[in-house]
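Participant: Sharing a sequence plus its predicted fold:
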Amino acid sequence: MNNRLIPIISVLLLIVLAVSAYIFWWPLYQKFNLMKNQFETKESDLAQKEQYLADMKLVLKKISIDYKDEIERVNSVLPSNISIPSLFNYMLKTSSESGLILEDIGWPQSSPLNDIQKVSFSVTLSGTYGAFKNFLSALYKSGRLIETESISLYSDEKGGAFRFLLSLSAYGYYMEPTAERMP
């Protein structure tokens, strides 16, 4: 009888072993499949985002090539930083081209307005009224974003020349420094 029980016991042990493996290992297998699916989803999301970033770099490069002149014009109107020496040079050049003498220039304050920088300064000029009109015209026609806030006019006792005191503001935008600059 012992010989007949060995195959039955073996089959029963195999069945018990299979059922216990199913009971204990099936949840782990399900968890593994779930994590594998989540990983594949995140991997495809990452691939899509990398492709999107590559596409945006190509678009940025194409725009920077196709619209180079327009971008340079915008950068000259609203520079990324306001250079006081270049602004001083511009005021000196524009006043002398207009026939005025730049007597004084003052840099009282600089204030950030969110991403826009505002530099307020004053300019004292002397010359004729016609030259002053030419100066204002050149200032408004220039590519720079310079706003006239106030104008004071003083006449000499001699009668020919005037002194003009202008309060002006120049604007620029502030860009966060980044490790990699796009073209």
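Facilitator: Now that the structure is in, tell me what you want to look at.
Participant: wait, isn't residue 107 in contact with residue 121?
Facilitator: Yes. Taking contact to mean CB atoms under 8 Å, the distance of 4.9 Å between residue 107 and residue 121 places them in contact. Just so you know, the C-beta spots here come from the backbone N, C-alpha and C atoms, and that holds for glycine as well.
Participant: What residue spans form the domains of the chain?
Facilitator: Per automatic domain parsing, the structural domains of the chain span 1-66, 79-173.
Participant: per-stretch mean pLDDT over those domains, give me the minimum one.
Facilitator: When the domains of the chain are compared by mean pLDDT, domain 79-173 comes last with a mean of 82.
Participant: Next, residue 41: secondary structure please.
Facilitator: When classified by DSSP: H, G, I helix; E, B strand; the rest coil, residue 41 comes out as helix.
Participant: Of the domains of the chain, which is nearest residue 73?
Facilitator: Set against residue 73 and scored by CB to CB, the domains of the chain come closest in domain 79-173, at 6.5 Å.
Participant: Now mean neighbour count and distance to residue 73 too, for the domains of the chain, in TSV please.
Facilitator: Rendered in TSV, the data for the domains of the chain read as follows (neighbours: other CB atoms under 10 Å; distance: least, CB to CB, whole Å):
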stretch	mean neighbour count	distance to residue 73
domain 1-66	10	14
domain 79-173	15	6
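Participant: Adding distance to residue 72 as columns, could you present these in CSV?
Facilitator: Shown next, in CSV, are these (distance: least, CB to CB, whole Å):
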stretch, distance to residue 72
domain 1-66, 10
domain 79-173, 9
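Participant: Do a quick rundown of the strands in the protein.
Facilitator: Counting by DSSP state E, the segments of the chain that form strands are 101-113, 116-127, 146-155, 162-173.
Participant: To residue 43, which of these lies closest?
Facilitator: Comparing the strands of the chain by their distance to residue 43 (CB to CB), the top pick is strand 162-173, with 38.2 Å.
Participant: For the closest one, name the packing helices and strands.
Facilitator: Packed against strand 162-173 by the contact rule (3 or more CB pairs under 8 Å, 6 or more residues apart in numbering; DSSP states H and E) you find strand 116-127, helix 129-141, strand 146-155.
Participant: Just send these back as CSV, with distance to residue 97 too.
Facilitator: Rendered in CSV, the data for the helices and strands packed on strand 162-173 read as follows (distance: least, CB to CB, whole Å):
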stretch, distance to residue 97
strand 116-127, 12
helix 129-141, 7
strand 146-155, 15
